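Visitor: sequence and predicted structure below; questions after.
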Amino acid sequence: MAMVEIQVPDIGDFDEVTVIELLVKPGDSIQADQSLLTVESDKASMEIPSSHAGVVKELRVKLGDKVKQGSVVLLLEAAGAVSAAAPVSEEKMAPVQVNNVETAIDSGASASVPDPSVAGASGVIEIRVPDIGDFKDVTVIEVLAKPGDVVKVEQSLVTVESDKASMEIPSSSAGVLKELKVKLGDKINIGDLLAVLEGTARPAASAAAPAPATASVEAAPADASQASAPPPAAAASAAAAASSSSASASQPAHDPTVAPSGALPHASPSVRKFARELGVPLAEVKGGGPNGRITLEDVQAFTKSVMSGEARTQAQAARSPAASGTGGSGVGLDLLPWPKVDFTKFGDVERKDLSRIKKISGANLHRNWVMIPHVCNHDDADITELENFRVLMNKENEKAGVKITMLAFLIKASVAALKKFPEFNASLDGDQLVLKKYYNVAFAADTPNGLVVPVIKNADQKGVVQISQEMGELAKKARDGKLGPADMQGACFTISSLGGIGGRYFTPIINAPEVAILGVCKSQTEPVWDGKVFQPRLMLPLSLSWDHRVIDGAAAARFNAYLGQILGDFRRVLL
C-alpha cells in the first residue's frame, strides 16, 4: 500500500476557491473519481474528485479554507499497485476538465454558436445556452432575472444543476430582458434558446471567429496546452458512470439538499454571496426551491422575519438538541418545540386574536424574563399613618376634584429611595453602568386591551397632588387608547400595583433597560407586635424584583427596608 497526496487539479483561471463542504472523513474507503469536497468560486460550486482509490488517512483542509491548483486536500493510502509518485493521468483528469468547462462558463464564457440573426446586429438578441460540457438535460433550479430587467454582459440569468455541479448561465450580451424562454424545472442543453434581449450585441462576439459548438472562455487567454486538450466528452461520460457506481458501492448517494455536519445548505453561489452581504446564516434559512434549495426570495423572507422578531424562535427550535432526544448544553436554552395540540378533540373551542398591545408587550416581557437574572425580595410596609393622612387630604381636597392615591405616595417614596441607592436608578449598557441624574417613574396601567406603562417625568420635582393629577390624565389616555410613544418612554423605575384587585405577593418582570421594578398588592390590617401588645396595623405587601447583574442581595434588602421606613413615616422624604 502506498501513500498518495491528493491535490486540487486544474480548476480554470481561479486563483483560490473556498472549501464549502467535506464529503469524506478519515477512515473512509473511496474509489477513483469519487467526490471528496465541494469548492465554490464567485460563480460556480464544483466537486473535487479523487484521482486514486484507497482509504482516507488524513484530511489536509477544513471548511472555509482557500485552495488552488496543486493544494494538497488529503492523504490517501492507495489501493493496488498505484505508485505514490505516479502523476495524475490524463484519463483521471478528464472529469476535472469537465468541471473546468463548467467553471469557465460560470465566470463569463459565452457559446460561439453561430446565429445569423444576432451576429453583429442590434435590436433583438437571442441568448442561448453555451457549451456546458458533456452533460445532457441539466435542470433549471433558479431564475435570476425577469422580463424588464436591464441585463449586463456576463450577468447571470439562470442557475442550472447537474449531478456533480451547479452553475450559473451568464448573458453574452447587454440589453433589456424582453422574454425568458425557460422556467423552473425545465431541462436545457447547449444551444437551447434561453432568453430574448433588446439591445446591442456583445462587441466581442463579432470579433471572434465562428467556431461550431466550442466554448470561448474569456476569463483568461487559453494557452497552447489548453487549446490542444482533447474534448472531455468521452472521459466525462466514463467518469460519471464510474463515480455513480463507486458512490453506490462505498457510501450512500450524496444528497445536496442534506448538508453534512458543518456544511453549508443547498444554495447557488449568488445566493450565498447575497446572504453573506446581509449577514444571514444560511443554516437557519428554510429553502423553498426545488429539493429544498435556498433561493434569493428565501433569504429576503428570512431577513424580514428577523427584523420582525419571528426568526429567533424558529432558529432555536431548529437547533434544539432536545428535539433529537439528546441532552443540551444550556446555551441557546435548548428548548423543546412548542407542543401542537388539537384542542377540538376535547371539546368546543373559540379562537381569538391577541390584541396589538399584548403582542408587543408579550414579546418584550419574554425577552426581559429570559435575558435578565431576576431576584425578588418580599417585605411589608406599615402604612397605617400614611393611609390616615391620605384619607384626610382627600377630604380636604374633595372640591378640587383631584383624588390622591396611595400609588402617588409610592412614586414619591420611590424617588427618595432611588436617590439614596443610585444603582437602582441605572441601566446596564454592555460593560458600563449608566447612572441617571433624573427620576422618571413609570406605573403599570391595566386597560381593556392589555397592560401599558405610562411614565411620570421628573417625579422628584413634583408634589403628591401633582403626581396624582398627572397619573389620572395618563390613565384616562391609556383606557382610551390615546397614549403616545413619548408617554411611555424614558422611565428609570417602574411600579406595578395590584392594590385594587387583591393578592399578597408576586414577582413582577423588570422592564428593560431598567434594573428594578416594584410590585405592590392589596394592603390589609394585621396584628403587629409592638413590644407589649398586638396592635392592628395596615400592612402593604412589597415585591421588589431586581437585576442581579447590577444589584446584589444586600443592596436590595436595604432598598426595600428604606422604602418601608419612608412609607411608615413620610416625613423622611424631606430628609
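Guide: Thanks, I have the structure now.

Visitor: what segments of the protein are helices?
Guide: Ranges of helices in the chain, per DSSP state H, are 90-106, 203-207, 224-227, 233-250, 269-278, 296-307, 311-319, 356-371, 384-396, 406-420, 464-479, 553-568.

Visitor: burial count for the nearest residue to residue 550 once chain neighbours are set aside?
Guide: Computed as Cβ to Cβ, 6 or more residues apart in numbering, the closest residue to residue 550 that is not its neighbour in sequence is residue 515, at 4.6 Å. C-beta: built from backbone N, CA, C; applies to glycine. By other Cβ atoms under 10 Å, 25 other residues sit near residue 515.

Visitor: and for residue 502?
Guide: So residue 502, with other Cβ under 10 Å, has 9 neighbours.

Visitor: report the contact partners of it.
Guide: Taking Cβ atoms under 8 Å, 6 or more residues apart in numbering, we find residue 502 in contact with 521-522.

Visitor: phi and psi next, for residue 146.
Guide: Residue 146 adopts backbone torsions of phi -140, psi 160, taken as degrees, to the nearest 10.

Visitor: need the pLDDT of it.
Guide: Looking at residue 146, its pLDDT stands at 89.

Visitor: quick check: pLDDT value at residue 319.
Guide: In this prediction, residue 319 has a pLDDT value of 48.

Visitor: do residue 513 as well
Guide: So, for residue 513, pLDDT stands at 94.

Visitor: that one touches residue 427, doesn't it?
Guide: Yes: counting by Cβ atoms under 8 Å, residue 513 does reach residue 427; the two are 4.1 Å apart.

Visitor: how many neighbours does residue 562 have?
Guide: Using other Cβ under 10 Å: residue 562 sits among 16 other residues.

Visitor: that one reaches residue 417, doesn't it?
Guide: Yes: the pair residue 562 / residue 417 is scored as a contact, 5.4 Å apart, by Cβ under 8 Å.

Visitor: can you tell me how far the residue of the chain most remote from its centre is from residue 526?
Guide: In the chain, residue 532 marks the outermost C-alpha relative to the chain mean, sitting 65.5 Å out by Cα atoms, centre = their mean. Distance, residue 532 to residue 526, using Cβ to Cβ, to the nearest Å: 17 Å.

Visitor: and what of residue 387?
Guide: From residue 387 to residue 526 the distance is 13 Å (Cβ to Cβ).

Visitor: for the two, indicate the residue with more neighbours.
Guide: Using other Cβ under 10 Å, the more surrounded residue of residue 387 and residue 526 is residue 387, with 16 against 13.

Visitor: quick one: contacts for that one?
Guide: With Cβ under 8 Å, 6+ apart, residue 387 has these contacts: 406, 523, 538.

Visitor: can you do 10 Å?
Guide: By Cβ atoms under 10 Å, 6 or more residues apart in numbering, residue 387 lies in contact with 406, 409, 523, 538, 540, 567.

Visitor: neighbours of the third one, just the number please.
Guide: Okay, so that is residue 523. If we define neighbours as other Cβ under 10 Å, then residue 523 has 20 of them.

Visitor: how near is it to residue 443?
Guide: For residue 523, the distance to residue 443 equals 17 Å [Cβ to Cβ].

Visitor: residue 547 now?
Guide: 19 Å.

Visitor: then residue 405?
Guide: Counting by Cβ to Cβ - residue 405 and residue 443 are separated by 10 Å.

Visitor: give me the more crowded residue out of the two.
Guide: Neighbour totals were compared for residue 405 and residue 443, and residue 443 leads with 25 against 20 (other Cβ under 10 Å).

Visitor: residue 453 is in contact with the more buried one, correct?
Guide: Yes: with contact taken as Cβ atoms under 10 Å, residue 443 and residue 453 are classed as touching, separated by 7.1 Å.

Visitor: ok, back up a step: any shared contact partners between residue 387 and residue 526?
Guide: residue 538.

Visitor: now do the strands in the stretch 151-300 of the chain.
Guide: Secondary structure of the stretch 151-300 of the chain (DSSP state E, counting those that start in this stretch): strands located at 156-161, 165-170, 174-180, 187-188, 193-200, 215-216.

Visitor: any chance of those in a markdown table, plus distance to residue 477 and mean neighbour count?
Guide: Output for these, formatted as a markdown table (distance: least, Cβ to Cβ, whole Å; neighbours: other Cβ atoms under 10 Å):
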| stretch | distance to residue 477 | mean neighbour count |
| --- | --- | --- |
| strand 156-161 | 55 | 24 |
| strand 165-170 | 57 | 25 |
| strand 174-180 | 55 | 17 |
| strand 187-188 | 64 | 16 |
| strand 193-200 | 59 | 18 |
| strand 215-216 | 72 | 19 |
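
Visitor: quick one, which of the ones you listed is nearest to residue 288?
Guide: Of all these, strand 156-161 sits nearest to residue 288, with 14.5 Å by Cβ to Cβ.

Visitor: any idea how far the closest residue to residue 362 other than its chain neighbours lies from residue 132?
Guide: Closest residue to residue 362 apart from its sequence neighbours, by Cβ to Cβ, 6+ apart: residue 354 at 7.2 Å. With distances taken as Cβ to Cβ, residue 354 is found 53 Å from residue 132.

Visitor: more neighbours, the two?
Guide: residue 132 (24 against 12).

Visitor: can I get stretch 146-163 as CSV, trimmed to CA atoms?
Guide: Presented in CSV, the C-alpha positions along stretch 146-163 are these (Å, rounded to 0.1, in the frame of the first residue of the first chain):
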residue,chain,number,x,y,z
LYS,A,146,-37.2,38.7,-15.0
PRO,A,147,-38.7,40.4,-18.1
GLY,A,148,-38.0,44.2,-18.0
ASP,A,149,-34.7,43.8,-16.1
VAL,A,150,-31.6,45.6,-17.5
VAL,A,151,-29.1,42.9,-18.1
LYS,A,152,-25.3,43.5,-18.3
VAL,A,153,-22.8,41.4,-20.1
GLU,A,154,-21.9,38.2,-18.2
GLN,A,155,-24.8,38.8,-15.7
SER,A,156,-26.2,35.5,-14.5
LEU,A,157,-29.6,34.7,-15.9
VAL,A,158,-30.4,31.3,-14.5
THR,A,159,-28.8,28.6,-12.3
VAL,A,160,-28.7,25.0,-13.6
GLU,A,161,-27.7,21.8,-11.9
SER,A,162,-26.2,18.6,-13.0
ASP,A,163,-25.3,15.5,-10.9
